[in-house]
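**Student:** Pasting the sequence and the predicted coordinates here, then a few questions.
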Amino acid sequence: MIRFDYARPGDVAEAVRDGAGDHVAYLAGGTNLIDLMKENVARPLEVVDINRLPLAQITDLDDGSLRLGALATNADTAYDERVQARYPLLASAILAGASPQLRNAATNGGNLNQRTRCYYFYDVDTPCNKRVPGQGCGAIGGVNRIHAILGASDQCIATHPSDMCVALAALKAQVQVTGPEGDRTIAFADYHRLPGDEPWRDNTLKRGELVTAIDLPAEDFSTNYTYLKLRDRLSYAFALVSAAVAMRLEGDRIADVRIALGGVAHKPWRRIEAEEAIKNERPSDTVFDTAARALLAGAIGQGDNSFKIELARKAIIRALGQAAAGTPQSQTDKRIR
Amino acid sequence: MNAPHKVGIGTPLARVDGADKVTGRAKYAAEYAVPDLLYGVAVPARIAKGRIVSIDDAAARAVPGVVEVMTHENRPKQAWLDHSWKDELSIPGDPFKALHDDRVLFAGQPVALVIAETFEAARFAAGLVQIDYDAEAHNVDFDTSLAEKFLPPKGMRRNTFHPPKARGDAGAAFDAAALKVSGEYRLATEHHNPMEMHASTVEWHGDGKITVYDKVQGSQNTQSYLAGAFKLSKKDVRVVNAYVGGGFGSGLRPQWQVQLATMGAILLERSVRVVMTRQQMFYHAHRPECTYEIRLGAEHTGKLTSIYGDATTSTSRFENNMEDIVTWGMMNYDCPNAEGHYTIAPRDTYTSADMRAPGAVTGMGLFEIAIDEMAYEAKVDPLEFRMINYSETEAMNQVPFTSKALREAYREGAERFGWAERSPEPRSMKEDRELIGWGVATGMWDAQFSKTSARARLSANGDLEVASATSDIGTGTYTVMTQVAADTLGLSPDRITARLGDSDLPAAPVEGGSWAAASTGAAVQLACRSVAEKLFKAADKVENRPLWGAQSIDDLDFVDGEMVLKSDPTKRVSLTDAMRAGGLDVIEVEETAKPGLSDMVSMAKKARNTHSAVFVEVRVDEELDQVRVTRVVNAVAAGRIINPRTARSQILGGVVMGIGMALHEETFIDATLGRWMNHNYAEYHVPAHADIEDVDVIFVDEPDPEVTPLGVKGLGEIGIVGTAAAVANAIFHATGKRVRSLPITVDKLLAMDR
């Protein structure tokens, strides 16, 4: 861990001023940043502790959407009555991740900004383009069981580790940010990015920008939904593959569907074509397989992780089945429905 | 405490140190408050092999609070000769000596120790030490290392190694066999991952003496190791390991943190603490990777005719770690022809080490998967198959056992599990989307007894202290000592204090190999019997001589703080009255339990083993290959059980670790970089609560007065042996997929769909 300056602003404007310099990190729950600092992976020269900002509320907006404060904890969000009633997919995804202790400390804004769990990113004695631009990627040709099968580049094959974000992608959330140039709204699909040749950039935040809230649109996916997470043990592990499905049925046909995957790419993986391909179809494994194949088109294995392509296909089919049947995956009963 | 009337051997006494542990009163090695303490943080080598060319520590030294950057260039004098570095469990080769010279032998090797007034300054500065290396070609890949596999010549083998002893003609019998199973079985590298990281606090007293609070499984092992390495007098080195937060074998040998902390203390003449980080814990002891070629031949009836095994395990380039792999199957099964071979393969890592049931959990476990395959070949129920090939004697050395209640374990375990309801065909049991499988496997481990001393001290007020330098690595030694003393002298446990984990106490070996309960228990019993003798003698001076007629303490019961005449229970003398009458303020005795002549004869002529039968139910999602272990029954034959509660805990822990071995545990190494990659708790998976469901433990009756003085066989390892194989066999029964490589992760099951 290196030495750093520490600021604890009392309001958002002050935080943005404090966050304007070089090598600044905003500190919220600290469940990821502190680990990374101890490992010498994150080396901020200034830490801006935003825990005193008034951003912990969950509030109803006039247009029927629900605003999740950036500093609301993952636990308070998952157990919020409005979230449970109107956005059970989000509650389920949050509860699929981490542990109760971590969810009690981790915040919504922090969840969006958590870094990859790539082994090489975490070990400063190995090469990593995400950690040190131009250093090379150890995972390509190395140990890559947990790495990306979609959207990777020859610079980086890391994945985004969040469960919550997979649900937010399916729910078409909007990210509210503020910064030196004022406020703006980022569609969730545009928030995280693919590594390309700038793998050190996880998202599209500009320098000094701060997430203030996440808005959930007023759409009803509270009946036909699921979050299905497959991992190397039954709890407390990052997803090998996860699938968030939000569906609306009209009669016996799929009127609307969103499918997002976790654990497979540098961002939650959605493709409109895959969703369009099965709209107005009657739910069946054949139809779901069509969506799965469209969503996974172009997937590339790196060796250790090649199994994820088939695992993802099967997970998508099952998740769509769970959503269509209205039997979402339980996060406590580990039997897969 | 709600004490039973008489706490004795067989009472489910609650762990006597439990309250201290859960309230934080129990102190671990890094928790001792020592005045004027310095903190050392190790700098790990980036490369896997080569030489240190230069060290630039200027930036580190410039950090406020940094006192020293210790490297091979400025370290204090330490022993040059390898034999000075030997410890109780040293293995042939050159013991690792941190900061000895410029050689890098493995990635993660500590190559500098930054010592500072605060931990934070030391850690910060450690990241600033710049080291240039001259890297050499390395190999850490096990398969590549097989090209260099070898059997060390006699004299360079571990003294625990038993060469396989062939019988009959396994090759010819295999060729002629009606049924054949052959294949390569694998186990991935595992790391011990005890909760407490390896830590040492070395207190510098300034008078030439040091006290070392060490995370180690034997205080006197660290004591003699440090004395040898730094040319110290043993009497000047006191080592304390009163509490150890898990070991599983990683602390059998003193690890590098204690060497570095001691070296720093000597250099600076101050107290120094060194704690390994969780990441550094992955760069030392680990269970060796294993490949095991097994060939079995059998008749159509299921009678085994041939056993052939050839195994290789991984070691380092500087020490020959060896395990018994192929012998377990040869010992356990009645089969006229058997042949085994064993080699080790060196790679550029730290030396592999003993990890819970070393050798057995690998060798017996993988063999039990092959046995299961043969049962299906023969179309015989897997449990019945084991009965058909049951050996009353130890089949490799052809000697009888002191006792073997494995048949009873099979029977009682099967009954509890409901094995009779099993549908024989794979994939024949299903509920909703899950295939259900039932599997069985056998476990076997050594029942060992090691020379151990203990002291008993009875005060005039009736308080008893029993003490031995043995360890309690979470296994229940404190409780066992208390209980044996309570049993022998008829005292309530709350009058008894057990002391251990201190090199000043009577001599004891490291805690490992499942021998502690049998050995320490025997020593405590001997010491308490000597106290009893003195009490009996003193009782003669009590008015009216109530115990008149008793010839020895064997004519007495010791109950509720009193000596009671067996022939007339109305005649009794309290221990405190006896002491008063005898004019004794205190009775203090030290005794040593060791194998006597008749034990030596018995050891030469008989095998001494624990056995188990493990039954497992798994449920596997048919499409997604997600495995849940929903039921385990582990039936154990381990002689006399001192404490059913702590004993059950031991087996539960073994079962959990066995499930981890079956499904989760695997350390990945990057062949190019020579580094372990998933070196943290997030990516090295051990079972979480959700992975553990219904686990049932049975202890079958197995009286065995011959095996050890108390009839105790030990329980530290037997719980894990057999568990992983039973899970693997249950997965086959559920899915029809035979995975011969542990752990059975989802990718391996998926691959078999094609």
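**Tutor:** Ah, there it is. Numbers count the residues shown, from 1 in each chain, chains lettered A, B, ... in the order given.

**Student:** Surely B:Trp445 touches B:Gly359?
**Tutor:** No - B:Trp445 lies out of contact with B:Gly359 (C-beta atoms under 8 Å); the separation is 9.5 Å. Using the backbone N, CA and C atoms, a C-beta is placed for each residue, glycine as well.

**Student:** residues from the stretch 351-500 of chain B in reach of chain A?
**Tutor:** B:Asp432, B:Arg433, B:Glu434 (C-beta under 8 Å from any C-beta of the partner chain).

**Student:** Include pLDDT, neighbour count and secondary structure when you put these into JSON lines, please.
**Tutor:** Below are these laid out as JSON lines (pLDDT from 0 to 100; neighbours: other C-beta atoms under 10 Å in any protein chain shown; DSSP: H, G, I helix; E, B strand; the rest coil):
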{"residue": "B:Asp432", "pLDDT": "95", "neighbour count": "10", "secondary structure": "coil"}
{"residue": "B:Arg433", "pLDDT": "96", "neighbour count": "17", "secondary structure": "coil"}
{"residue": "B:Glu434", "pLDDT": "98", "neighbour count": "21", "secondary structure": "strand"}
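
**Student:** which of B:Trp445 and B:Gly359 has more neighbours?
**Tutor:** B:Trp445 (32 against 29; other C-beta atoms under 10 Å in any protein chain shown).

**Student:** Which strands or helices does the strand or helix carrying the more buried one pack on?
**Tutor:** Secondary structure assignment for B:Trp445, by DSSP states H and E: strand B:434-446. Packing partners of strand B:434-446 (3 or more C-beta pairs under 8 Å, 6 or more residues apart in numbering or on different chains; DSSP states H and E): helix B:327-332, helix B:360-377, helix B:382-388, helix B:406-417, strand B:609-621, strand B:627-637, helix B:723-735.

**Student:** Just checking: what are the partner strands of it?
**Tutor:** When pairs are called by DSSP bridges, strand B:434-446 turns out to pair with strand B:430-431 (antiparallel), strand B:609-621 (antiparallel).

**Student:** Kindly report the domain assignment for the chain.
**Tutor:** I went with chain A, as the question did not name one. A:5-51, A:224-325 (automatic domain parsing).

**Student:** My question was about chain B, not that one.
**Tutor:** B:18-25+B:450-594, B:32-137+B:195-246+B:251-281, B:170-190+B:286-448+B:604-751.

**Student:** Chain B contacts on the stretch 101-250 of chain A?
**Tutor:** A:117, A:119-120, A:122-126, A:138, A:141-143, A:145-146, A:230, A:232-238, A:240.

**Student:** Give me the subset of those that lies in strands.
**Tutor:** Mapping those onto strands (DSSP state E) picks out A:Leu230.

**Student:** one step back: let me have the domains of chain B in TSV, extended by distance to A:Asp5.
**Tutor:** TSV is the format used below for those (distance: least, C-beta to C-beta, whole Å):
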stretch	distance to A:Asp5
domain B:18-25+B:450-594	34
domain B:32-137+B:195-246+B:251-281	15
domain B:170-190+B:286-448+B:604-751	28
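
**Student:** for the stretch 51-200 of chain A, what spans make up the helices?
**Tutor:** Assigned by DSSP state H, counting those that start in this stretch, the helices in the stretch 51-200 of chain A fall at A:74-78, A:81-86, A:88-95, A:100-105, A:108-113, A:119-122, A:164-170, A:188-191.

**Student:** if we can go back for a sec, quick one, which of the residues of the stretch 101-250 of chain A next to chain B are buried?
**Tutor:** Neighbour counting by 16 or more other C-beta atoms under 10 Å in any protein chain shown classes A:117, A:119-120, A:122-123, A:125-126, A:138, A:142-143, A:145-146, A:230, A:232-238, A:240 among these as buried.

**Student:** Turn the helices of the stretch 51-200 of chain A into CSV, including distance to B:Tyr684.
**Tutor:** Formatted as CSV, those follow (distance: least, C-beta to C-beta, whole Å):
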stretch, distance to B:Tyr684
helix A:74-78, 24
helix A:81-86, 33
helix A:88-95, 24
helix A:100-105, 18
helix A:108-113, 23
helix A:119-122, 10
helix A:164-170, 24
helix A:188-191, 31
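
**Student:** so which of those comes closest to B:Ser391?
**Tutor:** B:Ser391 lies closest, by C-beta to C-beta, to one member of those: helix A:119-122, at 45.7 Å.

**Student:** For the closest one, give the mean pLDDT please.
**Tutor:** Average pLDDT, helix A:119-122: 98.

**Student:** Show me how far that helix is from its chain's centre.
**Tutor:** 19 Å (C-alpha atoms, centre = their mean, to the nearest Å).

**Student:** Please, where are all the strands along the stretch 151-300 of chain A?
**Tutor:** All strands of the stretch 151-300 of chain A, identified by DSSP state E, counting those that start in this stretch, fall at A:174-179, A:182-187, A:210-216, A:224-230, A:241-250, A:253-262.

**Student:** so which of the ones you listed gets nearest A:Leu55?
**Tutor:** Nearest to A:Leu55, of the strands of the stretch 151-300 of chain A and by C-beta to C-beta, is strand A:210-216 at 5.7 Å.

**Student:** B:Glu431 is in contact with B:Val620, isn't it?
**Tutor:** No - in this structure B:Glu431 lies outside contact range of B:Val620 using C-beta under 8 Å: 11.2 Å.

**Student:** More neighbours: the two, which one.
**Tutor:** The residue with more neighbours, out of B:Glu431 and B:Val620, is B:Val620; 25 against 9, by other C-beta under 10 Å.

**Student:** Distance of the more buried one relative to B:Lys430?
**Tutor:** Per C-beta to C-beta, to the nearest Å, B:Val620 is found 10 Å from B:Lys430.

**Student:** Run the angle between the biggest helix by length in chain A and strand B:609-621 for me.
**Tutor:** The helix that spans the most residues within chain A, counting by DSSP state H, is helix A:307-325. Counting by axes from the mean of the first three to the mean of the last three C-alpha atoms, to 10 degrees, helix A:307-325 lies at 60 degrees to strand B:609-621.

**Student:** Which strands and helices lie in contact with helix A:307-325?
**Tutor:** Judged by 3+ C-beta pairs under 8 Å, 6+ apart, helix A:307-325 is in contact with strand A:224-230, strand A:241-250, strand A:253-262, helix A:285-295, helix B:746-751.

**Student:** let's go with 7 Å and repeat that
**Tutor:** strand A:224-230, strand A:241-250, helix A:285-295, helix B:746-751 (3 or more C-beta pairs under 7 Å, 6 or more residues apart in numbering or on different chains; DSSP states H and E).

**Student:** what mean pLDDT does the longest one have?
**Tutor:** Predicted confidence along helix A:285-295 averages 98 (mean pLDDT).

**Student:** OK, contacts around residue 66?
**Tutor:** Assuming you mean chain A. Neighbouring residues of A:Leu66 by C-beta atoms under 7 Å, 6 or more residues apart in numbering or on different chains: A:Ile58, A:Asp60, A:Arg82, A:Arg86, A:Tyr87, A:Leu216.

**Student:** my question was about chain B
**Tutor:** So B:Val66 contacts B:Ala60, B:Val114, B:Ala116, B:Ala121, B:Ala125 (C-beta under 7 Å, 6+ apart).

**Student:** What about those residues, which are in strands?
**Tutor:** Per DSSP E, the contacts of B:Val66 map to strands at B:Val114, B:Ala116.

**Student:** is it possible to export the contacts of B:Val66 to CSV including pLDDT and neighbour count?
**Tutor:** Shown next, in CSV, are the contacts of B:Val66 (pLDDT from 0 to 100; neighbours: other C-beta atoms under 10 Å in any protein chain shown):
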residue, pLDDT, neighbour count
B:Ala60, 97, 24
B:Val114, 98, 29
B:Ala116, 98, 24
B:Ala121, 95, 21
B:Ala125, 96, 26
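
**Student:** got any ranges where the chain has weak pLDDT?
**Tutor:** No chain in the question, so chain A it is. A:1 (pLDDT under 70).

**Student:** Sorry, I should have been clearer: chain B.
**Tutor:** Looking at chain B by pLDDT under 70, you get B:1-5, B:754.

**Student:** Up against chain A, what does it have?
**Tutor:** B:46, B:123-124, B:127, B:433-434, B:621, B:623-624, B:626, B:628, B:664, B:668, B:670, B:672-673, B:675, B:677-678, B:682-683, B:685, B:687-691, B:745-747, B:750-751 (C-beta under 7 Å from any C-beta of the partner chain).
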